[in-house]
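[1] please work out how this folds:
(chains A, B, C, D, E and F)
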6 protein chains.
Amino acid sequence: MADKGMVGASERLDMPFVGIPSFLRAPIHTNLDTLKAEIAVLGAPTDEGSPFKPGSRFGARAMREHSLRFVSGKTGYYDPQRGHRFLEREMNGAIVDVGDAAHLDYMPFVHGMFHTNMHAFRHIRKMSHVQSLTQVGIRSLRDSEVMHRDARADGNRIVTMEAFRHSGAQGVVDVLPRDAACYVSIDIDVLDLSLVPGCVSAEPDGMSYRELRDLLATIAAHTEVVGFDLVEINPLLDVATGVTAYLGAHTVLEFLGQICAQPRWSKAHG
Amino acid sequence: MADKGMVGASERLDMPFVGIPSFLRAPIHTNLDTLKAEIAVLGAPTDEGSPFKPGSRFGARAMREHSLRFVSGKTGYYDPQRGHRFLEREMNGAIVDVGDAAHLDYMPFVHGMFHTNMHAFRHIRKMSHVQSLTQVGIRSLRDSEVMHRDARADGNRIVTMEAFRHSGAQGVVDVLPRDAACYVSIDIDVLDLSLVPGCVSAEPDGMSYRELRDLLATIAAHTEVVGFDLVEINPLLDVATGVTAYLGAHTVLEFLGQICAQPRWSKAHG
Amino acid sequence: MADKGMVGASERLDMPFVGIPSFLRAPIHTNLDTLKAEIAVLGAPTDEGSPFKPGSRFGARAMREHSLRFVSGKTGYYDPQRGHRFLEREMNGAIVDVGDAAHLDYMPFVHGMFHTNMHAFRHIRKMSHVQSLTQVGIRSLRDSEVMHRDARADGNRIVTMEAFRHSGAQGVVDVLPRDAACYVSIDIDVLDLSLVPGCVSAEPDGMSYRELRDLLATIAAHTEVVGFDLVEINPLLDVATGVTAYLGAHTVLEFLGQICAQPRWSKAHG
Amino acid sequence: MADKGMVGASERLDMPFVGIPSFLRAPIHTNLDTLKAEIAVLGAPTDEGSPFKPGSRFGARAMREHSLRFVSGKTGYYDPQRGHRFLEREMNGAIVDVGDAAHLDYMPFVHGMFHTNMHAFRHIRKMSHVQSLTQVGIRSLRDSEVMHRDARADGNRIVTMEAFRHSGAQGVVDVLPRDAACYVSIDIDVLDLSLVPGCVSAEPDGMSYRELRDLLATIAAHTEVVGFDLVEINPLLDVATGVTAYLGAHTVLEFLGQICAQPRWSKAHG
Amino acid sequence: MADKGMVGASERLDMPFVGIPSFLRAPIHTNLDTLKAEIAVLGAPTDEGSPFKPGSRFGARAMREHSLRFVSGKTGYYDPQRGHRFLEREMNGAIVDVGDAAHLDYMPFVHGMFHTNMHAFRHIRKMSHVQSLTQVGIRSLRDSEVMHRDARADGNRIVTMEAFRHSGAQGVVDVLPRDAACYVSIDIDVLDLSLVPGCVSAEPDGMSYRELRDLLATIAAHTEVVGFDLVEINPLLDVATGVTAYLGAHTVLEFLGQICAQPRWSKAHG
Amino acid sequence: MADKGMVGASERLDMPFVGIPSFLRAPIHTNLDTLKAEIAVLGAPTDEGSPFKPGSRFGARAMREHSLRFVSGKTGYYDPQRGHRFLEREMNGAIVDVGDAAHLDYMPFVHGMFHTNMHAFRHIRKMSHVQSLTQVGIRSLRDSEVMHRDARADGNRIVTMEAFRHSGAQGVVDVLPRDAACYVSIDIDVLDLSLVPGCVSAEPDGMSYRELRDLLATIAAHTEVVGFDLVEINPLLDVATGVTAYLGAHTVLEFLGQICAQPRWSKAHG
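    Here you go, the predicted model:
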């Protein structure tokens, strides 16, 4: 192989408990200066400032570990319900794991925004290249009225859980310009509390996994997703089977699959 | 401040992991002789006689801890889906935490009754001021036929889970006299097993949180709720994020919010 | 009692935490040569070859323990929603716990087959007395396309989760010959991830308990169930309340109840 | 085999995770009227009245499970440090597991007594056949001075941990009449806190396992041990490897080994 | 009682699982301006900057809870090994729980210093009223040589674990001026790893509890302890019996007992 | 750097929870054909055939994670008790992490052998290049007498725990030829049960960490250690702080430190 910077493990026993876990067993390439990849996976291990029980700093490591469960003996993943193989080309070299951030300044540009955490987004909203911010699945009783009022005053769009159930995924994206560059931030607490025992900020009456999956697929079809993150997985507090981290890795995989299955992706990356 | 019996913590760092936890950071006032409060919160830490895994004696303490997650930096709580602030006046002095019972003889008078635990209610049904008993969400295969038959023979009304799905919350209260004094006992196992991993008696095919919330809101509107309790939360066995205790505190908060949002409450407490 | 080989515990305190746990407190009879029983319960404690986190070898023991929660003070179990007592005669002597296998060669003959684990069934499909194989609830992204294609090429019928939602339980059994001998293998991961925190292979977007219960009841009515197993419960990793093992025991109990409530069973066993 | 009341599992796979766990895989014989055994093992699953975290009601079941780790492929156990096999005859039929008590009135007569729990022993001390009571390893700061003073006033002998370190095991038994009938109650919290993570009442500065083992061996040599119990193991709170339950089973095994290795035992039981 | 700011719970059931937990059930008095107390207990719930697994922010709350185990039915605690009751007067009103810090600037003046955490002490060493700093029990391989060299260059005295075993407690205090004001910071990781499963920074080959207890008693006798803290207890990661938090509360209790048993304390506080 | 096969993370935030964990953050180089390293670290993730609770297949991964705690901000590790820095040169490039085995046939040649697991060594003893086998710390009551007798009959030397306490580390090595090539297999259950809560086969009355450390140091000085392994760490069952995995990494680090501090190592590797 030409690029010696890549590390593979294909010649070893291909089980999820084997090997040093990079995301989807992608090659590890921590030197960003020499990085050439269509898709770069970056961990951001921090939970400083967490308001209750900490530990999500270990979230990226746990999702890497659970991602290995999707790769044994194959490239890409097969969805038996759609009868289609996804990420076949991408999981064969186009994805690179760049490790974890030394500091957290790799944030790409952001246009649309889907998130439940209002606090951080007050600053983002002010950036010049950000045209609009949409938050979906809002329902927590823990945030103050002021925070909600300010968010709306800043021009953010808030789609509560009940509004989402009424409008559906299509209703969320219909007001966004088609093919706009869009950054998506997934707070795993958008899912119902019963699905994410290892998420400290979990709330009842959230989305089913299918609702989240379909929302992400709809976004991927309507806009050009230029990046996304997934936060709030706390492996220290997860159940022992690690279902929350698994569901996190599952969500990343399917969203990636949807993004790369779009014609605009094929056109760009052949 | 005039009343030195009250203890506040408002001048400290307002995070859920800070401070000695009273319910919703309400003042602690354990002397019942001098108690003046619209709403008194009392813990009843006991699990003697529990049929399988014990530990719910720590339930009240855990719900107090999780209740702190609703109070940081504000009075009352804001429901973004209804666009309304609840308990604003009440969380500003009307609620008092009176600690835990020395013994368990504080039971207020009881008219209507919503519960799944049939055993204890055979005695309650016989009290002269109790006019009717309704049990909602019944579905467990662990109770004997005799218990069910006796409950019906005593004149109790049993609304099984399937019957509840058919009649809805309104069907439950329609047979109760409007504005009757009503005591509500919430066994958290009325919720689906997936929502309450820290409830030993959890059963599949139970209510969603939304179904329980709406049932409680309907009861609060139709009857005059004079008291309520919430049982069967076992923090020793809960998942590490404490979702069962959190959901318990969440339920208490929302039910309290509904009770205090009724015109009859405003009229009485102005 | 004539048969001294049976061990009962009826004279002791009848609580789930009391006694050496056999399934439903059935008599223990480990000598298969002298076994006379309508229903024999056999554990198969193995997890060799498990692809991720092991521990399901303790599944049978945990389900035995949780099964004791259904038997206190009664024979049979009462379903308050159907208003009917099940297994009254069978739990009074017709069920025997034969312990665990020394080796795993007790597999009875198999005609219809409902399962999600494709790998093991490639060999079963080839057996001469096996006429067809149906797999229900398939949705995992972790299996390869080849495995799915081969399963279909072998003549297996695959009912994905979405197809099941569309066809319903009746659609699953309609293509099977009525009253055909049928062996059912229940992988507990057919249930939604939120219901089975102690199942390593759990997946989102699975069946609710009610969907599984109704499917099993439909199978019991349509075919002659000659045996069944339940796999993938891992008590080492379950939450501390043991809800996954409880749900496993619950499923076995209800399926057994349905099988024995059929006219064909009454005719055979009086 | 003549006695059909006995249930064996010798023909199955002989691993600790296999089979319905009786103590040391001894035959189960729950009918006390027909019981004939040199050594009867009885569980007493209760934790009512426990002062802090409950769960020791599951202690007997957990010790049975861990006892299976000593029996695979052999009778008796071999101590490589003494170069001697113990319980070879006894583990071949002389031990019977009689299940758990329905109620707790099986207490045999008691002469000497070694225990840390003072409360229960105030009543025992008054029994006419009890000549003296000795408590060893006392060090907890949680008991009141009154309790200690009363115990001494009743004529009990208290050997604190420091006194035990000074006198040694021999000093404990020297004041007891040689060959006196002696009942021993082992509270596992006599061991150092570091050894018993699953014991709620654990205290620092306790005995090492070797000190306890040697004390028990010394008692077995000096007196005629007519019965013993072991309490305070809480499997609900133990670490996941179950070391506290294992150490409990280990202690029972070694004490039983010492008792049966005495000449007076061989004389009585051949 | 004159001071209504005090809240007692003496009239309730006196069990550790009952009541809102203040340290040793001391009255809660969070208003520092009106505080009058010989001994004030202050929590400092923070773990920001923790280098590995976080969660010690819950340490103070857990120690408060475990401290309740020492107070049922009595004032003061009785040490059966010394035959003496400690803190009898102090636990009857002289101790006050002042809750948790809003911020962490309550640090009293510091003269001697016993600690293992070198980093924070580089700043303390420079304070004008600090005459010397002694660190005892140092053994971790995780600190850098530079840190050790700098500490020594700053004039700090480092007593490694091996040196402590050689010199004993008396050797530690002999070089300190008798009756000097001394502040003691106890990092619970000074204890052996086997004693503190809920301490993330635990190290093997540490002190036994007896060694720590005797060291603290020796310091209390030799110097005038003007304050002390105890850090690094992580209840989120502790074993389920909470032995690390219990040992923390135990250590605080005994150190307090030793300090108040000194003649200089009696003289000052009568 | 010439060798692009090496992956470093030195430019990132240097905390143990950051980055994809290789042992001691050594470069990952999974291609054994091109491997050039003084010290190669290889994981062997298997627990097939484990006799009780499985999960040690995750042991290597957990030790890698805990090894990161020794490397932040420095090369080598500093032992404050010896006042010496170890592995300074080696941790700067001489150690390579080669990932996990595909299969387990990398076993180097073996002369001396220190281990507690007798079963596997019956085959090793027969290999022509193996001159002697010594097992140290033997004390388990779970092995059969036959196994011990056969081991001795094969010419193995067994040093029980009591014998080790009598002879000391020097007594163990004195009978081995000085400078003989020696392979050491460390079963972590040689340590006392209180130190290794995450080791399923833990036994009471084992070595303190200091005893093990000194034994390994003595072996490193007396013989030429050509390889070593460390087994029986089960992170699935470890306490949440991971002390067993930490102690495993700690042991590997110190043994490596001792081996590389020998004059024979400096001579060979300069």
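
[2] how about the residues of chain A by chain E?
    Contacts of chain A with chain E, taken as Cβ under 8 Å from any Cβ of the partner chain, map to A:47-49, A:53-55, A:57-58, A:236-237. C-betas here are computed from N, CA, C, even on glycine.

[3] near chain F, list only the ones from the residues you listed.
    Contacts with chain F within the residues of chain A next to chain E, as defined by Cβ under 8 Å from any Cβ: A:57-58, A:236.

[4] where do the strands sit along the stretch 1-150 of chain A?
    A:39-43, A:77-79, A:84-86, A:95-100, A:134-138 (DSSP state E, counting those that start in this stretch).

[5] now do the third one: which elements does it pack against?
    Same thing as strand A:84-86. Secondary-structure packing of strand A:84-86 (3 or more Cβ pairs under 8 Å, 6 or more residues apart in numbering or on different chains; DSSP states H and E): strand A:77-79, helix A:243-260.

[6] how about CSV for those, with mean pLDDT and mean neighbour count added?
    Shown next, in CSV, are those (pLDDT from 0 to 100; neighbours: other Cβ atoms under 10 Å in any protein chain shown):
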stretch, mean pLDDT, mean neighbour count
strand A:77-79, 96, 22
helix A:243-260, 98, 25
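
[7] between these, which gets nearest to chain D?
    Relative to chain D, the nearest member of the helices and strands packed on strand A:84-86 by Cβ to the nearest Cβ is helix A:243-260, separated by 17.6 Å.

[8] could you dump that closest one to CSV, C-alpha only?
    Coordinates of each C-alpha in helix A:243-260 appear next as CSV, following Å, rounded to 0.1, in the frame of the first residue of the first chain:
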residue,chain,number,x,y,z
VAL,A,243,-27.0,0.3,24.2
THR,A,244,-26.7,4.1,24.3
ALA,A,245,-23.3,4.1,22.7
TYR,A,246,-24.5,1.4,20.2
LEU,A,247,-27.4,3.5,19.3
GLY,A,248,-25.1,6.5,18.8
ALA,A,249,-22.9,4.6,16.5
HIS,A,250,-25.9,3.2,14.7
THR,A,251,-27.3,6.7,14.1
VAL,A,252,-23.9,8.0,12.8
LEU,A,253,-23.7,5.0,10.5
GLU,A,254,-27.2,5.4,9.1
PHE,A,255,-26.9,9.2,8.7
LEU,A,256,-23.6,8.7,6.9
GLY,A,257,-25.2,6.1,4.7
GLN,A,258,-28.0,8.4,3.8
ILE,A,259,-25.7,11.3,3.0
CYS,A,260,-23.5,9.2,0.8
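
[9] buried set for the helix or strand following that helix?
    Moving toward the C-terminus from helix A:243-260, the first helix or strand encountered (DSSP states H and E) is helix A:263-269. By neighbour count with 16 or more other Cβ atoms under 10 Å in any protein chain shown, helix A:263-269 contains the buried residues residue A:265.

[10] could you do stretch A:72-90 as well?
    Across stretch A:72-90, burial judged by 16+ other Cβ under 10 Å covers A:72, A:74, A:76-80, A:85-88, A:90.

[11] quick check: the farthest pair among those?
    Of all pairs drawn from the buried residues of stretch A:72-90, the widest gap by Cβ to Cβ lies between A:80 and A:90 and measures 19.6 Å.

[12] ok, the residue in the stretch 1-150 of chain A that chain C sits nearest to to residue C:139 distance?
    Taking Cβ to the nearest Cβ, chain C has its nearest neighbour within the stretch 1-150 of chain A at residue A:78, 3.9 Å off. The gap separating residue A:78 from residue C:139 is 11 Å, by Cβ to Cβ, to the nearest Å.
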